[in-house]
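Novice: sequence first, predicted model second:
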Amino acid sequence: MTGLPLPPVPEPYHLPFHYGALHNIGVDYLVAPERARELLRKRHPGLTVAVFDGRACVSLNYQLYFAQYPNGGGVTEELEINLVAHPAFAEDRLPELDYGGYARGHDQTKLLGIARLHVLCDNPLAIDAGRRLYAEPKHPGWFETTLPSLNAAAVQERWSVSCRRAELGPDGLRRHDEQLLALEVDLGGLTPESVNNTPITGYGTDEEGRLLAGPLNVHQPYRYHALDGRAADRVRLEVGNPAEEAARDLAHLIADAPAAGVWTYQSAPVAAHNRAYYVR
């Protein structure tokens, strides 16, 4: 049997990478396809923008995750700015889908995937791993967040993510106050659908121009919220300094488009330390 070799797995990394816990929110926007095609040609020439009822899909994807290693553990935050796309040769292999069908995971070819335009991350090791393993355009950033949590007095379905500029220095991540983007989402009172939309195919293009695909399996369903015209009260996005490439590209893509859908995932707790009581 002949075929393409697998991409290398450089030291010190091992695959697959296992998440110990994952808290994740994605917000999708349906936008003018020509703007999306323009950016995709620059970043991933082997991919074609997916079009749903005449619109391309920009997907913002924030993740907070924990991983356990032989010598301890680590927590990472990152945010992806993605376009939904597929390999250029695969047009006739895809099912006909509207955005709702895509969001609900009806494409089981998994050729529809996320073409990463920018990935902002607060963990130097994760930045290096993303670049070397998956050809992600991954760069430093840091985050201030408010997420739904069982460790709060009252669990509310409000998500707030502020991503700020950072750079890598000899002592690790060097933080700056400048905000790149801020996302606020209020899902209170909405009834989510349970959807099986993984594995999610993540696309990258390496320095030699080769297209890579890396699937992410999430072992429980996502919760999908179709906004159906309710985006104005539910999702607020602020884009920062246009001199920063990530902010500039995002503003160019989305313009004044409303959010079309939101999907969330939060790992279930595995243990609980209960309230103390007096013995005597």
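Specialist: Sure thing, it's come through. Bear in mind the structure is a predicted one, so any value in this text is a computation, not a measurement.
Novice: hmm, who's touching stretch 91-98?
Specialist: 48, 50, 52-53, 86, 101, 106-107, 109, 111-112 (CB atoms under 8 Å, 6 or more residues apart in numbering). The C-beta positions use only the backbone N, C-alpha and C, and glycine is treated the same way.
Novice: also stretch 63-79?
Specialist: 17-24, 60-62, 80, 119-123, 125-126, 138, 141-143, 145, 147, 161, 163, 181.
Novice: and which of the contacts of stretch 91-98 is nearest to residue 177?
Specialist: Residue 177 has its nearest neighbour among the contacts of stretch 91-98 in residue 50, at 36.3 Å by CB to CB.
Novice: about what we covered before: what's the ChimeraX line that selects buried ones from the contacts of stretch 63-79?
Specialist: ChimeraX command restricting those to the buried ones, with burial defined by 16 or more other CB atoms under 10 Å:
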select :19,21,22,23,24,60,61,62,80,119,120,121,122,123,126,138,141,142,143,147,161,163,181
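Novice: okay if I get the contacts of stretch 91-98 as JSON lines plus distance to residue 42, neighbour count and secondary structure?
Specialist: What follows is these, written out as JSON lines (distance: CB to CB, whole Å; neighbours: other CB atoms under 10 Å; DSSP: H, G, I helix; E, B strand; the rest coil):
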{"residue": "48", "distance to residue 42": "14", "neighbour count": "19", "secondary structure": "strand"}
{"residue": "50", "distance to residue 42": "17", "neighbour count": "24", "secondary structure": "coil"}
{"residue": "52", "distance to residue 42": "22", "neighbour count": "21", "secondary structure": "strand"}
{"residue": "53", "distance to residue 42": "25", "neighbour count": "9", "secondary structure": "coil"}
{"residue": "86", "distance to residue 42": "18", "neighbour count": "22", "secondary structure": "strand"}
{"residue": "101", "distance to residue 42": "29", "neighbour count": "13", "secondary structure": "helix"}
{"residue": "106", "distance to residue 42": "30", "neighbour count": "16", "secondary structure": "coil"}
{"residue": "107", "distance to residue 42": "25", "neighbour count": "19", "secondary structure": "coil"}
{"residue": "109", "distance to residue 42": "26", "neighbour count": "11", "secondary structure": "coil"}
{"residue": "111", "distance to residue 42": "21", "neighbour count": "18", "secondary structure": "coil"}
{"residue": "112", "distance to residue 42": "20", "neighbour count": "23", "secondary structure": "coil"}
